[in-house]
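[1] Need coordinates for the following:
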Amino acid sequence: MNLYLTYFKKLLTPIEIVIFLAFLAFLLMPTSIPTCISLWINSSIGLGLVVIITTYMFFYYSPILGIFTIVVAYELLRRASIPQYNNYAVQLDTKPIEETVANTISTVVSDSYVPFSDKSLEEEVISKDAPVGQSAVLNFVDTTVSFVPIAAKNINGSSAI
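    Numbering: from 1, shown residues only. Below is the predicted model of the structure:
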């Protein structure tokens, strides 16, 4: 174990070890980001600063700390993100509405009750809307004798007009 610690101390400077431990504490503790800070991080300037700090740590400190910084930056953005929607289902108290609807339906059904009829719906509509037996008598004129075509000659099946 001491061998790993001494090797780790050789890789990182004391400031890098402090930064590494701070990042490790941030990742292991599930703390929430305060609203004022999360609003600042979610702004364009905040996102730009997170990217700049991450690239700076990646290029100017050890590669281990740089990769760890990318993970911490991702976790920071994930914790600071403000959800656009609510994950919780809202259950409304619908009992009064259901009772009102049930009362309305029972009132409509009781008011519009029609006694049983032997006719089908089609027969009822036809007897109501079709004027069978109620219209005037039609006079049919025999037009077969007096019918004369307009064009006397057809040329190749078409009229001469």
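[2] low-confidence ranges in this protein?
    For the chain, the stretches flagged by pLDDT under 70 are 1-5, 7-9, 83-98, 107-117, 131-161.
[3] can you map out the strands along this structure?
    Ranges of strands within the chain are 154-155, 158-159, based on DSSP state E.
[4] Quick one: the helices in the chain, in order.
    Taking DSSP state H, the helices of the chain run over residues 2-11, 14-28, 35-41, 44-60, 63-80, 95-111, 121-129.
[5] Throw those helices into a markdown table and include mean neighbour count, thanks.
    Glycine gets a C-beta too; all of them are placed from N, C-alpha and C. What follows is those, written out as a markdown table (neighbours: other CB atoms under 10 Å):
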| stretch | mean neighbour count |
| --- | --- |
| helix 2-11 | 9 |
| helix 14-28 | 13 |
| helix 35-41 | 14 |
| helix 44-60 | 13 |
| helix 63-80 | 16 |
| helix 95-111 | 9 |
| helix 121-129 | 10 |
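[6] Chain neighbours aside, what residue packs nearest to Met57?
    Using CB to CB, 6 or more residues apart in numbering and skipping the chain neighbours, the partner closest in space to Met57 is Thr69 (4.0 Å).
[7] And Phe59, by the same measure?
    In this structure, Phe59 finds its nearest non-sequential neighbour in Gly66, 7.1 Å apart by CB to CB, 6+ apart.
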